[in-house]
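*Asks:* Need a 3D model of the following:
(one chain, ligands or ions: 1)
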Amino acid sequence: MNLALPPGHPLRLCSAALEIAPLPPERLLAAGGEPTAAFLAPNGESWVGMGAVRWLTGKPGDAHALWAGLADVSPDAPPPTALGVLPFSAREHPDALWAGLLPGGVVLPERLVVQRGGRAWLRLTLPAAEADTLRARLTSVARELAALPAAEAVPLPGFETFEDRAAARQYTAAVGDAVARIRAGELVKVVLARRASIAFDGTPTAAAVLRRLSAHQSGAVRYAWCRGGKAWLGATPETLLRLDGRTLRTEALAGTRPEAQADELHADAKERHEHAVVVDAVRAAIAPWVQALPPTRPPGLRRTRGLAHLHTPIEATLSADTDALALVHALHPTPAVCGLPTARAAQLLASLEGQPRGLYAGPVLRLSADGTAHAVVGLRGAVLSGRLAVLPAGAGIVEGSDGDRELAETRAKQGSVLDAWRAFVAA
Ligand SMILES: C=C(O[C@@H]1C=C(C(=O)O)C=C[C@H]1O)C(=O)O
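*Replies:* Below you'll find the predicted structure:
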């Protein structure tokens, strides 16, 4: 662990962990702490952070700054871990929907609950000046968490979807505009997103909503970022990167059909093209960092609830120890969520969508002090604000795209989230 800061430095931190009884990780969203961040991996490992002792913007190099001067007195427990969300674009201005949730960032939590292999640990990280109180506070926080009510088990209130016909027409028109520009040679691909809004009959808790997404899809990472009474949460099928030592794993996920038509994906030239653009861009983004690129393979399929995507896993060995945040910035945004060329597509989608993306399609991060990292793409999610939920979803537009089909694809992506909730609405 990095102890570069001198003893007595005001930025020094001390951290200790205590094994506690396992509990549903979603319940911790109700424990309080600004922000509260959750990263729930599909293998059952989970991290929930409450409060912040360090809050960085998440630029390359911040990974090192997270651990500077941190003394861990519980080296046998899972390592200190930072959680975070980054906006799709740092250049946007948030609108009312995203106000309060942005700017995101990478947070070293004050309280962190890590669960793996059926065991759970509470980790507390405090300014070094408060080291004497660590043990006593660990015990009292553990008691508070054990007494939390089962917020995740409360049934979801019923909800209604708003169908905004004008916005749907605007979307198909935007697809037409994008296709014309692609035909004119201005760009190769652009991903266009739109929002769906729903109103609940009562105010749902983030804990209950996130819990219900567990039935959503196998292999998904569930995530949440809660601040100021709002939450951005979802269950994403897309990994931006996994870092374990020098092993880097990333993937291309693009090309979509309803699950019942999954067999058509491989034969569809438009979907193959849309996918190949992402494969090439991901390979190009990691090329400077890795010893060798893996051979290209035909894509496989990733099935999620109600949807199927073309999928190409990409694994390589880094040439040197590398900061995970530098790799996140090298990869994000991939053409799976932005387009190609990146800058042109980012500009076009900002003007055609007409609403900021906020945290939608931005990286969602778990960075651990042992150097392991996992970043996913913030998709298949919703902003919860009181009784309202807003679900952004997008589709990749290439030369052969059709407005109505792309609109249907965004609806199917939003529908996969809503179906997961619908199944758990109070009778
Ligand atoms: C943009 C989204 O999904 C992305 C776009 C896909 C596509 O265009 O086929 C498929 C998976 C994701 O990479 C979304 O879910 O909002």
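
*Asks:* Domain-wise, how is this structure divided?
*Replies:* If you go by automatic domain parsing, the domain ranges for the chain are 13-153, 159-220+251-361+378-422.

*Asks:* and the nearest residue in space to Ala30 that is not next to it in sequence, how many neighbours does it have?
*Replies:* Distances taken as C-beta to C-beta, 6 or more residues apart in numbering place Ala151 nearest to Ala30, at 4.2 Å, with adjacent residues excluded. Yep, even glycine has a C-beta here, placed from its N, CA and C like the rest. Neighbours of Ala151 under the rule other C-beta atoms under 10 Å: 19.

*Asks:* cool, and the one 4 residues further on?
*Replies:* The criterion is other C-beta under 10 Å. On that basis, Pro155 has 12 neighbouring residues.

*Asks:* for the ligand, what are the nearby residues on the stretch 301-427 of the chain?
*Replies:* Selection of the stretch 301-427 of the chain residues close to the ligand by C-beta under 6 Å from any ligand atom yields 309, 336-337, 379-380, 393-396, 413.

*Asks:* correction: the chain
*Replies:* Within reach of the ligand by C-beta under 6 Å from any ligand atom, the chain has these residues: 191, 193, 238, 253-256, 309, 336-337, 379-380, 393-396, 413.

*Asks:* If we use 5 Å, what do you get?
*Replies:* Counting by C-beta under 5 Å from any ligand atom, the residues of the chain close to the ligand are 253-254, 256, 309, 336, 379, 393-396, 413.

*Asks:* Neighbours of Pro60, how many?
*Replies:* Pro60 has 15 nearby residues by other C-beta under 10 Å.

*Asks:* Quick check, pLDDT for it.
*Replies:* Predicted confidence (pLDDT) for Pro60: 89.

*Asks:* Show me the beta-bridge partners of the residue of the stretch 51-200 of the chain found nearest the ligand.
*Replies:* Using C-beta to the nearest ligand atom, the closest approach of the stretch 51-200 of the chain to the ligand is made by Val191 at 5.4 Å. Going by DSSP bridges, Val191 is paired in beta bridges with Gly396.

*Asks:* Now do the contacts for it.
*Replies:* 335-339, 345, 349, 361, 394-397 (C-beta atoms under 8 Å, 6 or more residues apart in numbering).

*Asks:* let's see 7 Å
*Replies:* 337-339, 349, 394-397 (C-beta atoms under 7 Å, 6 or more residues apart in numbering).

*Asks:* cool, Leu384 as well?
*Replies:* Neighbours of Leu384 in contact, by C-beta under 7 Å, 6+ apart: 204, 206, 209, 230-231, 233.

*Asks:* any idea which of those residues is closest to Leu101?
*Replies:* Closest approach between those and Leu101, by C-beta to C-beta: Lys230, at 5.5 Å.

*Asks:* Excluding chain neighbours, give the residue nearest to the closest one in space.
*Replies:* Ser385 (4.8 Å).

*Asks:* what's the spacing between the one you found and Trp421?
*Replies:* For Ser385, the distance to Trp421 equals 16 Å [C-beta to C-beta, to the nearest Å].

*Asks:* give me the number of residues near Pro288?
*Replies:* 8.

*Asks:* got it, and Leu124?
*Replies:* Neighbour number of Leu124 under other C-beta under 10 Å is 26.

*Asks:* and it, that's in a strand?
*Replies:* Yes - assessed with DSSP: H, G, I helix; E, B strand; the rest coil, Leu124 lies in a strand.

*Asks:* residues contacting it?
*Replies:* Listed by C-beta under 7 Å, 6+ apart, the contact set of Leu124 reads 15-16, 110-111, 134, 137-138, 141.

*Asks:* now Ala224
*Replies:* 29, 37-38, 206, 210, 231, 233.

*Asks:* Now, the contacts of Leu124 that are in strands?
*Replies:* Mapping those onto strands (DSSP state E) picks out 15-16, 111.

*Asks:* Redo those residues as CSV? Include pLDDT and neighbour count.
*Replies:* Shown next, in CSV, are the ones in strands among the contacts of Leu124 (pLDDT from 0 to 100; neighbours: other C-beta atoms under 10 Å):
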residue, pLDDT, neighbour count
Ser15, 98, 26
Ala16, 98, 19
Arg111, 98, 25
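
*Asks:* so which of the residues you listed comes closest to Trp121?
*Replies:* Ala16 (10.1 Å).

*Asks:* Pull the contacting residues for that closest one.
*Replies:* Contacts of Ala16 by C-beta under 7 Å, 6+ apart are 73-74, 124, 134-135, 138.

*Asks:* could you dump those to a markdown table with pLDDT?
*Replies:* Below are these laid out as a markdown table (pLDDT from 0 to 100):
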| residue | pLDDT |
| --- | --- |
| Val73 | 96 |
| Ser74 | 97 |
| Leu124 | 98 |
| Leu134 | 97 |
| Arg135 | 96 |
| Leu138 | 98 |
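
*Asks:* List buried residues within the residues you listed.
*Replies:* 74, 124, 134, 138 (16 or more other C-beta atoms under 10 Å).

*Asks:* Pretty sure the last one sits against Leu18.
*Replies:* Think Leu138. Yes - judged on C-beta atoms under 7 Å, Leu138 makes contact with Leu18 at a distance of 4.6 Å.

*Asks:* hang on, the earlier thing: please name the bridge partners of the residue nearest to Lys230.
*Replies:* Beta-bridge partners, per DSSP bridges, of Ser385: Lys230, Leu388.

*Asks:* Next up, phi/psi of the residue in the stretch 151-300 of the chain that the ligand sits nearest to, please.
*Replies:* Closest residue of the stretch 151-300 of the chain to the ligand, C-beta to the nearest ligand atom: Thr256 (3.5 Å). The phi/psi pair for Thr256 (degrees, to the nearest 10) reads phi -130, psi 140.

*Asks:* For it, give me its contacts.
*Replies:* Thr256 neighbours (C-beta under 7 Å, 6+ apart): 307, 309, 409.

*Asks:* Give me the residues contacting the helix or strand that contains Gln347.
*Replies:* For Gln347, the host element (DSSP states H and E) is helix 342-353. The set of residues external to helix 342-353 that reach it, using C-beta under 7 Å, 6+ apart, is 89, 174, 177-178, 181, 186-187, 189-193, 333, 338-339.

*Asks:* among the residues you listed, which are in strands?
*Replies:* Per DSSP E, the contacts of helix 342-353 map to strands at 189-193, 339.

*Asks:* ok, so of these, who is nearest Arg297?
*Replies:* Arg297 lies nearest to Lys189 out of these, by C-beta to C-beta, at 21.0 Å.

*Asks:* Tally up the residues packed near that closest one, please.
*Replies:* Lys189 has 24 neighbouring residues, counting by other C-beta under 10 Å.

*Asks:* Please apply the same query to Pro237.
*Replies:* Count around Pro237 with other C-beta under 10 Å applied: 25.
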